[in-house]
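Engineer: give me a 3D structure for the following:
(chains A, B, C and D, ligands or ions: 4)
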Protein chains: 2
Amino acid sequence: MTTPQLTKNQSLVFEVLEKAEGPLSAYTILDKLRDHGFRAPLQVYRALEKLLEYGVVHRLESINSFVACAHPGDNCHSHGIVAFAICESCGQVMEFHDHEVDHRLMGWVRGQNFKPEKTTIEIRGLCEACAA
Amino acid sequence: MTTPQLTKNQSLVFEVLEKAEGPLSAYTILDKLRDHGFRAPLQVYRALEKLLEYGVVHRLESINSFVACAHPGDNCHSHGIVAFAICESCGQVMEFHDHEVDHRLMGWVRGQNFKPEKTTIEIRGLCEACAA
DNA sequence: TTGCACACGTTATAGCATAACGCAATTGAT
DNA sequence: ATCAATTGCGTTATGCTATAACGTGTGCAA
Ligand SMILES: [Zn+2]
Ligand SMILES: [Zn+2]
Ligand SMILES: [Zn+2]
Ligand SMILES: [Zn+2]
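Structural biologist: Numbering: from 1, shown residues only, chains lettered A, B, ... in the order given. Ligands and ions are numbered 1, 2, ... in the order given. Sure thing, here's the model as predicted:
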């Protein structure tokens, strides 16, 4: 999937996520964009929907939040499954790919004739700084 | 973690999950237990909290639902990371463990000096029956 | 011109989860 | 036996997350 020109709202939401230190909830994004005319959650969710589709933003299911892709330029969709390490103390997120993990998981589901669409891997814990 | 005697509410919630075909949301559980005196979400959430702690129930982060552990007798906590394949059509859930996946993920985070606490692996897609 | 696709704005509603209070039963010292 | 601490429970209220439903405007192709 190639990323088309972003609309105004999509650009605003994406910029907020890019500048953020860590993942943000949709409502936090909304608050940060009220000065730019955002008034309702749907404005955020509709932009996020497209940004997710384009692969430039990821959704963190375990914390109901969104984060800009850590691999600008690349398209994460082409890297297989994306995994995240999420610090529960400071909120920092590390994003990585592991083809061996992909291979094992996809091998298992294929053995069950299960047809995978979307895979979530999220590791919550403490980052190096916060664990010290 | 050994599983202590369940309280009344914990037993009721667990029985509902055991009998269910697939994962249930907390509010669905609540509705199924209204005839047994349940009136408020907290009664469900408090029971779930313990059942999750005991490892007899799992939470599916990507669909905000809960499911009874598929390995009664075993304690899933001792099996390392648990992975789920969730059918988006019929709701059926398959639970499995893969030590190689655990090993790769834990290896990666240790390389970052990240201290993992809880890991989520959820594959959404279509089960064999629904994909046909 | 007409029809369609798409982004957008607004209001309302649905769905998920926890805070805060108080009460009762249990347990385990003292 | 008494006291304190813990745990479970019930209730009300609130907060957070997400979508439904309706209407508007714009650009473009048939
Ligand atoms: Zn990415
Ligand atoms: Zn941290
Ligand atoms: Zn299990
Ligand atoms: Zn199915």
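Engineer: does any bit of the strand or helix carrying A:Lys118 sit next to chain B?
Structural biologist: Assigning secondary structure by DSSP states H and E places A:Lys118 in strand A:115-126. Yes: residues of strand A:115-126 contacting chain B under Cβ under 8 Å from any Cβ of the partner chain: A:115-126. (Glycine included, C-beta is placed from N, CA and C.)
Engineer: and which of these is nearest B:Pro4?
Structural biologist: Among these, A:Arg124 lies closest to B:Pro4 (Cβ to Cβ), at 25.6 Å.
Engineer: separation between the residue of chain A found nearest ligand 4 and chain B?
Structural biologist: With Cβ to the ion as the measure, A:Phe114 is the residue of chain A nearest to ligand 4, at 8.7 Å. According to Cβ to the nearest Cβ, to the nearest Å, A:Phe114 stands 5 Å off from chain B.
Engineer: was I right to think that residue contacts B:Ile123?
Structural biologist: Yes: in this structure, A:Phe114 is within contact of B:Ile123 by Cβ atoms under 8 Å, at 7.4 Å.
Engineer: between these two, what contacts are shared?
Structural biologist: Common neighbours of A:Phe114 and B:Ile123 (criterion: Cβ atoms under 8 Å, 6 or more residues apart in numbering or on different chains): B:Ala85.
Engineer: and chain A, which of its residues are near DNA strand D?
Structural biologist: A:25-28, A:40-42, A:45, A:64-65 (Cβ under 7 Å from any atom of the strand).
Engineer: check those residues and tell me the two furthest apart.
Structural biologist: So, these by Cβ to Cβ: farthest apart are A:Ala40 and A:Ser65, at 19.0 Å.
Engineer: who's more crowded, the two?
Structural biologist: A:Ser65 (21 against 9; other Cβ atoms under 10 Å in any protein chain shown).
Engineer: so what pLDDT did the residue nearest to that one when sequence neighbours are not counted get?
Structural biologist: Spatial nearest neighbour of A:Ser65, excluding adjacent residues (Cβ to Cβ, 6 or more residues apart in numbering or on different chains): A:Pro23 at 3.7 Å. Model confidence at A:Pro23, given as pLDDT, is 97.
Engineer: contacts only, for A:Pro23.
Structural biologist: With Cβ under 8 Å, 6+ apart, A:Pro23 has these contacts: A:60, A:63, A:65-67, A:86, A:91, A:93.
Engineer: got any ranges where chain A has weak pLDDT?
Structural biologist: A:1, A:73-78 (pLDDT under 70).
Engineer: give me the most central residue, it.
Structural biologist: A:His58 (1.4 Å; Cα atoms, centre = their mean).
Engineer: next one: that residue relative to DNA strand D, how far apart?
Structural biologist: Distance, A:His58 to DNA strand D, using Cβ to the nearest atom of the strand, to the nearest Å: 13 Å.
Engineer: likewise for A:Thr119?
Structural biologist: 17 Å.
Engineer: number of residues surrounding that residue?
Structural biologist: The burial count for A:Thr119: 22, using other Cβ under 10 Å.
Engineer: quick check: A:Leu33 touching A:Val44?
Structural biologist: Yes: under the criterion of Cβ under 8 Å, A:Leu33 makes contact with A:Val44 at 7.3 Å.
Engineer: find the residues that touch each one of the two.
Structural biologist: In contact with both A:Leu33 and A:Val44: A:Val13, using Cβ under 8 Å, 6+ apart.
Engineer: and those two? which has more neighbours close in?
Structural biologist: Using other Cβ under 10 Å as the criterion, A:Leu33 and A:Val44 rank with A:Val44 on top: 25 against 19.
Engineer: OK, contacts around that one?
Structural biologist: Neighbours of A:Val44 in contact, by Cβ under 8 Å, 6+ apart: A:13, A:26-27, A:29-30, A:33, A:38.
Engineer: so it is in which element?
Structural biologist: Counting by DSSP H and E, A:Val44 is part of helix A:41-54.
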